[in-house]
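**Student:** Coordinates only, no sequence provided:
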DNA sequence: CCTACCGATCGGTAGG
DNA sequence: CCTACCGATCGGTAGG
């Protein structure tokens, strides 16, 4: 309708974003396999070949939905880890920011973990390299905190996987408009991550 | 060959299990959509109609792979929660047993979370009821521990989701024949869960 | 006569 | 950017 008419006047980048948004919604609701490119086109009021102007194919759309979100997850943790300040506050900040990425991009996170097998090998390799760095950065921050006496962790690598999983998993249960707003949830998940890291004292920053 | 010949002499239940095992391996490696029933049959040295003797169709196979594993997860936590003894030891036991289900049935867990969208609505409803009970049982155990002064948890429902996620997530990274054997890993994950629950003292049982 | 299968094929739909 | 269409494939089922 009005959305359809506006598509023509938008910039190339905005049109591309429109396609991505429609694909995100459909892949999230119905799954990748059950969504046809005709479905995506129909939601935009265009036909299938329109999509091929911006993407090489269905799997390219999938990669464009997944890769930037995983990159943002890494960025959130890497930036917080590189800040000055005590390990406890850097970990808290890292977890608040990481949780915000997961919850604000819930559909993208869900799509990645569900549809990983449908990514082209090159795209999956690129994403897995980001995930590996995520675990390394988080693990290094935890080890630093142990060395500083701030955390009690027997195995920082394992704890990094545990913390990453605890937060990532929120894509399966978080409901926007639920009983807790997004920022409150970010703070709560960060607190739980600090517990997991064995932070004994909850001193304010 | 020898496998093929043996299929004839096996009992119905054993044949059904053979089909499930082949489907599990292929769904796990290639994904549900990329696996054809011909692929499953080929791995068993039979043809596709053989599968229809034991299952109503492809989605029925999927449900048979997922449902029992989720049921075992619930059972592990429910049994440990119902035992006598202090909350801390019941939680530890619940987490050791739950982690063992996740790691020993890693493929099934992965398949469920990836392919949820391909389950028939009735099968998904049944599984989601089990998952809901899982969260309720774990949440109740955490609340009991808080009441007994054993745990420090601001929000038992949220902590249950966090703990469940931390352990479930292990399906994404655990490698059998890795640096830690399965039982050691179960103990480690249980320790991390106790940390998450804010257990302050690590008194022996 | 049945159980347990196979060879062949159909309707329907996907990506491109 | 659409209409029209293909090459290929798949789940499910009939007859024997």
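**Tutor:** Thanks, I have the structure now. Here the structure is a predicted model, which is why all the values come from computation and not from measurement.
**Student:** Just checking, which helix or strand succeeds the longest helix anywhere in chain A along the chain?
**Tutor:** Taking DSSP state H as the criterion, chain A has its longest helix at helix A:121-147. Later in the chain than helix A:121-147, the nearest helix or strand by DSSP states H and E is helix A:156-168.
**Student:** Quick one: mean pLDDT over stretch A:115-128.
**Tutor:** Mean pLDDT, stretch A:115-128: 94.
**Student:** Next: stretch A:58-77.
**Tutor:** 96.
**Student:** Can you pull the residues of chain A lying near DNA strand C?
**Tutor:** Applying Cβ under 7 Å from any atom of the strand, we find that chain A lies next to DNA strand C at A:35, A:36, A:37, A:38, A:48, A:52, A:57, A:58, A:59. (Glycine included, C-beta is placed from N, CA and C.)
**Student:** Buried ones among those residues?
**Tutor:** For these, a burial check counting by 16 or more other Cβ atoms under 10 Å in any protein chain shown picks out A:35, A:37, A:58, A:59.
**Student:** Next, residue A:119: phi, psi?
**Tutor:** Taking degrees, to the nearest 10, you get phi -70, psi 150 for the backbone angles of residue A:119.
**Student:** Low-confidence regions, chain A specifically.
**Tutor:** For chain A, residues meeting the criterion pLDDT under 70 lie at A:1-10, A:200-205.
**Student:** And the helices in it?
**Tutor:** A:2-9, A:12-30, A:37-44, A:48-51, A:58-82, A:87-104, A:106-115, A:121-147, A:156-168, A:182-196.
**Student:** export those to CSV and tack on distance to residue B:75?
**Tutor:** Listed next are those as CSV, based on distance: least, Cβ to Cβ, whole Å:
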stretch, distance to residue B:75
helix A:2-9, 49
helix A:12-30, 31
helix A:37-44, 39
helix A:48-51, 46
helix A:58-82, 34
helix A:87-104, 29
helix A:106-115, 25
helix A:121-147, 31
helix A:156-168, 22
helix A:182-196, 26
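**Student:** Of the ones you listed, give the one that comes closest to chain B.
**Tutor:** For these, proximity to chain B was assessed by Cβ to the nearest Cβ; helix A:156-168 is nearest, at 2.6 Å.
**Student:** Tell me the spacing between the closest residue to residue A:187 other than its chain neighbours and residue A:183.
**Tutor:** With Cβ to Cβ, 6 or more residues apart in numbering or on different chains as the criterion, residue A:187 has its nearest non-adjacent residue at 6.3 Å, and that residue is residue A:96. Counting by Cβ to Cβ, to the nearest Å, the gap from residue A:96 to residue A:183 is 8 Å.
**Student:** next one: residue A:121
**Tutor:** In terms of Cβ to Cβ, residue A:121 sits 38 Å off from residue A:183.
**Student:** quick one: which of the two has more around it?
**Tutor:** Applying other Cβ atoms under 10 Å in any protein chain shown to residue A:121 and residue A:183 shows that residue A:183 carries more neighbours, namely 12 against 7.
**Student:** Let me see the contact set for residue A:66.
**Tutor:** Residues near residue A:66 by Cβ atoms under 8 Å, 6 or more residues apart in numbering or on different chains: A:108, A:111, A:112, A:115, A:119, A:123, A:127.
**Student:** give me that answer again for 6 Å
**Tutor:** Neighbour list for residue A:66: residue A:112 [criterion: Cβ atoms under 6 Å, 6 or more residues apart in numbering or on different chains].
**Student:** Could you tell me how many residues sit around residue A:154?
**Tutor:** 12.
**Student:** burial count for residue A:74?
**Tutor:** Residue A:74 has 21 nearby residues by other Cβ under 10 Å.
**Student:** Quick check, it in contact with residue A:130.
**Tutor:** Yes: counting by Cβ atoms under 6 Å, residue A:74 does reach residue A:130; the two are 5.1 Å apart.
**Student:** Domain map for chain A?
**Tutor:** What automatic domain parsing lists as the domains of chain A is A:2-55, A:59-196.
**Student:** winner for burial among these?
**Tutor:** Of all the domains of chain A, domain A:59-196 has the most neighbours on average by mean count of other Cβ atoms under 10 Å in any protein chain shown, namely a mean of 19.
**Student:** Ends of that domain, what's the gap?
**Tutor:** 37 Å (Cα to Cα, to the nearest Å).
**Student:** For chain A, what lies in contact range of chain B?
**Tutor:** Selection of chain A residues close to chain B by Cβ under 6 Å from any Cβ of the partner chain yields A:31, A:33, A:114, A:117, A:161-162, A:165-166, A:169, A:173, A:188, A:192, A:195-196, A:198.
**Student:** So what touches stretch A:158-177?
**Tutor:** Against stretch A:158-177 from outside (Cβ under 6 Å, 6+ apart): A:98-99, A:102-103, A:106, A:109-110, A:135, A:138-139, A:142, A:153, A:189, A:193, A:196, B:161-162, B:165-166, B:169, B:173, B:192.
**Student:** still on that earlier bit, in CSV, list the domains of chain A along with distance to residue B:63.
**Tutor:** Output for these, formatted as CSV (distance: least, Cβ to Cβ, whole Å):
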stretch, distance to residue B:63
domain A:2-55, 16
domain A:59-196, 17
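**Student:** For residue B:11, find the nearest of those domains.
**Tutor:** Distance to residue B:11, taken as Cβ to Cβ, is lowest for domain A:59-196 among those, at 33.3 Å.
**Student:** How far off centre is that closest one?
**Tutor:** In this view, domain A:59-196 has its centroid 7 Å away from the chain centroid, taken as Cα atoms, centre = their mean, to the nearest Å.
**Student:** Can that domain be said to contact DNA strand D?
**Tutor:** No: residues of domain A:59-196 contacting DNA strand D under Cβ under 7 Å from any atom of the strand: none, with a closest distance of 13.3 Å.
**Student:** What of stretch A:41-58?
**Tutor:** Yes: among the residues of stretch A:41-58, A:41, A:45, A:46, A:47, A:48, A:49, A:50, A:53 lie within reach of DNA strand D under Cβ under 7 Å from any atom of the strand.
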